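Visitor: have a look at this prediction, sequence included:
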Amino acid sequence: MVTCKKYSDKEKLSWDNFVKNSKTPLFFFQRDFLEYHSHKFEDYSLMFFIEDELVGVLPATIHRQEEGVELRSHGGLTYGGLIFQPRVRGVKIRLVMESMKNHCLSHQINSLIYKAMPYIFHELSSQEDLYFILNENQASIAKRELSTVVYLNNKLKISKGRKALLSKARKNNLSIETDGDFSKFYSLLSNVLQKHGAYPVHSIEELSYLKINFPKNIILKSIEVDGEMIAASLLFVFNNVVHTQYLATNDNGKEIGALDYIIEESMSEYKNKGFEYFSFGISTEENGKVLNAGLLSQKESFGGRSIAIDTYQVRYND
């Protein structure tokens, strides 16, 4: 029998230890990351036990709407879904998902938004949940997005345009700094995004907090010329994947290929460290319905091709 329990602060150590030793040990499933934006989301994470043994967790938030109460995994994260210990087999995963459904029904939660974990983040096979949510929970695909990934051990050739910019960058003897000035980076990023009517998802205070708490997982790569930061990439480093959370460059940086140089050198560095994937993130808008073809082409020019990222919806009251 599976017991479902809502997470509480006293379970923090147990939760974090479980995540670190799970099939998908991503640092942003740890409580210090999940709770940095607690002022934006109401946490409703769940823990699942079999005979007092913790076998699964669900990072989640609760959302109250006119049409009812919705559980989302997790409102503040790009990826989510259930996280399992390596020994858990398919039949027990089915029981965990039944327990999740029963918990929602008994707490008047009538909808579930379930963000699938891309397979590149798996340390062990871990997609049983997608089978059960579709075939036994009658889920529908609420959103499908396209995310570009470079396979570092089977990297495609970069485009001629990228080669030319890299050549220009090397001729300028650019130097890449690791974990440089975050305030300069944030100013550069904000200026770039404002030109497109957008703003950073994180505040400078939030990024500083996350860097302090996850110093090995959040890495800033930047280039300065005469004291001015002209290009930068903020990387989220997972066990086998490096993800470009933010990329930014000004006109001077574009002219001499500074950001291209950062990206290419970062891919080379992490390949040499044994990483398999370099992720550029999504190139879709409006919940995946609109493809930003120009953005996709830019990412593909670095040798990337795309994977689908799905979000499912279950309506328990139907």
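Guide: Yep, it's here. Numbers count the residues shown, from 1 in each chain.
Visitor: pull the CA atoms of whatever helix or strand L95 lives in into CSV?
Guide: L95 belongs to helix 90-106 when assigned by DSSP states H and E. Taking C-alpha atoms only, helix 90-106 is exported to CSV below (Å, rounded to 0.1, in the frame of the first residue of the first chain):
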residue,chain,number,x,y,z
GLY,A,90,6.8,-0.3,-12.7
VAL,A,91,4.1,-1.8,-10.7
LYS,A,92,4.9,0.3,-7.6
ILE,A,93,5.1,3.4,-9.8
ARG,A,94,1.5,2.6,-10.9
LEU,A,95,0.5,2.4,-7.3
VAL,A,96,2.2,5.7,-6.5
MET,A,97,0.2,7.3,-9.4
GLU,A,98,-3.0,5.8,-8.1
SER,A,99,-2.2,7.2,-4.7
MET,A,100,-1.6,10.7,-6.2
LYS,A,101,-5.0,10.5,-7.9
ASN,A,102,-6.7,9.4,-4.8
HIS,A,103,-5.1,12.3,-2.8
CYS,A,104,-6.3,14.8,-5.4
LEU,A,105,-9.8,13.4,-5.4
SER,A,106,-10.0,13.4,-1.6
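Visitor: what is that helix packed up against?
Guide: Secondary-structure packing of helix 90-106 (3 or more CB pairs under 8 Å, 6 or more residues apart in numbering; DSSP states H and E): strand 2-6, strand 46-50, strand 53-58, strand 109-115, helix 128-135. All C-beta atoms are positioned from the backbone trio N, CA, C, and that covers glycine.
Visitor: if we go to 7 Å?
Guide: Judged by 3 or more CB pairs under 7 Å, 6 or more residues apart in numbering; DSSP states H and E, helix 90-106 is in contact with strand 2-6, strand 46-50, strand 53-58, helix 128-135.
Visitor: quick one: the strands in the stretch 101-250 of the chain?
Guide: Taking DSSP state E, counting those that start in this stretch as the criterion, the stretch 101-250 of the chain carries its strands at 109-115, 140-151, 176-178, 218-225, 228-237, 241-249.
Visitor: what values do phi and psi take at the spatially most central residue of the chain?
Guide: Most central in the chain under CA atoms, centre = their mean is T78, positioned 4.7 Å from the mean C-alpha point. Backbone torsions of T78, given as degrees, to the nearest 10, read phi -70, psi -40.
Visitor: please apply the same query to P59.
Guide: phi -70, psi 120.
Visitor: got the contact list for it?
Guide: Counting by CB atoms under 7 Å, 6 or more residues apart in numbering, P59 makes contact with F29, L34, S45, S73, H74, L77, G80.
Visitor: restricted to helices, list the residues you listed.
Guide: Using DSSP state H, L34 are the members of the contacts of P59 that sit in helices.
Visitor: among the contacts of P59, which are located in strands?
Guide: S73 (DSSP state E).
Visitor: now the buried members of the contacts of P59.
Guide: F29, L34, S45, S73, H74, L77, G80 (16 or more other CB atoms under 10 Å).
Visitor: tell me which of those is nearest to E264?
Guide: Nearest to E264 among those is L77, at 28.4 Å by CB to CB.
Visitor: not counting sequence-adjacent ones, nearest residue to the closest one?
Guide: Distance criterion CB to CB, 6 or more residues apart in numbering; nearest residue to L77, sequence neighbours excluded, is F28 at 6.2 Å.
Visitor: ok, back up a step: now the helices and strands packed on helix 90-106 as JSON lines including mean neighbour count, distance to L174 and mean pLDDT?
Guide: JSON lines is the format used below for the helices and strands packed on helix 90-106 (neighbours: other CB atoms under 10 Å; distance: least, CB to CB, whole Å; pLDDT from 0 to 100):
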{"stretch": "strand 2-6", "mean neighbour count": "16", "distance to L174": "51", "mean pLDDT": "96"}
{"stretch": "strand 46-50", "mean neighbour count": "20", "distance to L174": "48", "mean pLDDT": "97"}
{"stretch": "strand 53-58", "mean neighbour count": "21", "distance to L174": "43", "mean pLDDT": "97"}
{"stretch": "helix 128-135", "mean neighbour count": "18", "distance to L174": "43", "mean pLDDT": "96"}
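Visitor: between those, which gets nearest to S183?
Guide: Proximity to S183, assessed across the helices and strands packed on helix 90-106 by CB to CB, is greatest for strand 53-58 (35.4 Å).
Visitor: which residues sit against that closest one?
Guide: Strand 53-58 is touched from outside by 14-15, 18, 45-49, 73, 82-85, 88, 92, 96, 100, with contacts defined as CB under 7 Å, 6+ apart.
Visitor: equivalent analysis for stretch 63-74, please.
Guide: With CB under 7 Å, 6+ apart as the test, stretch 63-74 has contacts from 34, 44, 58-62, 75, 80-81, 104, 108-115.
Visitor: this completes my enquiry, with thanks.
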